[in-house]
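K.L.:
the sequence and its predicted three-dimensional model are supplied below.
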Amino acid sequence: MGMLEVSAGVFISGTKVLAFQKGEAKYSYMSYKYEFPGGKIERGESPEQALIRELKEELNLDISKNKIEFLCETEHEYPDFSIRLHTFLIFTDSVEFTLNEHRNASWSEIDDLWRFDWAEADKDVVRYLIDCTVG
């Protein structure tokens, strides 16, 4: 199987970011892990367009008017698939959403993000966020 192209969004307000907990997943090692929301990039979409579409589907949230800034691109190989994760910061003062596919969402100070049990691919994004903002 080839590399899956995926977009993810990090909601950021001041020094806090929003972490989302997955529900039960296709692969047990992904179930109940925390992640930054998003999904697969469809043919003909830019990573940013995919993020806007996915967050509308997953969270009933329109981020098209938010300031969106590219953060990083990382790759991760899971036992059953590989992903290239295009991650964006989404700047917001407040955010209202509906948890359609997630169990929980929690705001956290950036330097306290390791308190969550992250999906493996998202750990690189957490490291990047901490390295870029702390110190």
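P.N.:
Right, received. Where do you want to start? These figures come from a predicted structure and were not determined experimentally.
K.L.:
where exactly do the helices run in the chain?
P.N.:
Using DSSP state H, the helices found in the chain span residues 47-59, 120-133.
K.L.:
and the first one, what's its mean pLDDT?
P.N.:
Looking back up the chat, that one is helix 47-59. Across helix 47-59, the average pLDDT comes to 97.
K.L.:
now do the last one
P.N.:
Model confidence over helix 120-133, given as mean pLDDT, is 92.
K.L.:
so what's Leu129 up against?
P.N.:
Val10, Val17, Leu71, Ile110, Leu113 (CB atoms under 8 Å, 6 or more residues apart in numbering). No exception for glycine: its C-beta is placed from N, CA and C like everyone else's.
K.L.:
for Ser7, see how far away the spatially most central residue of the chain is.
P.N.:
Of all residues in the chain, the one closest to the mean position by CA atoms, centre = their mean is Phe36, 2.0 Å from it. Counting by CB to CB, to the nearest Å, the separation of Phe36 from Ser7 is 10 Å.
K.L.:
taking the contacts of Leu129 one by one, which sit in strands?
P.N.:
Val10, Val17, Leu71 (DSSP state E).
K.L.:
give the buried residues for the helix or strand of the chain with the lowest mean pLDDT.
P.N.:
Across the helices and strands of the chain, mean pLDDT, DSSP states H and E gives its lowest value to helix 120-133, namely a mean of 92. Within helix 120-133, the residues scored as buried using 16 or more other CB atoms under 10 Å are Ala121, Asp122, Lys123, Asp124, Val125, Val126, Tyr128, Leu129.
K.L.:
tabulate the residues you listed (TSV), appending distance to Arg103.
P.N.:
Below are the buried residues of helix 120-133 laid out as TSV (distance: CB to CB, whole Å):
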residue	distance to Arg103
Ala121	18
Asp122	15
Lys123	19
Asp124	23
Val125	20
Val126	19
Tyr128	25
Leu129	22
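K.L.:
relative to Leu59, which of those residues is nearest.
P.N.:
Asp122 (16.4 Å; CB to CB).
K.L.:
confidence score at the nearest residue to Asp122 once chain neighbours are set aside?
P.N.:
Leaving out its chain neighbours, the residue that sits closest to Asp122 by CB to CB, 6 or more residues apart in numbering is Glu35, at 4.8 Å. pLDDT for Glu35: 97.
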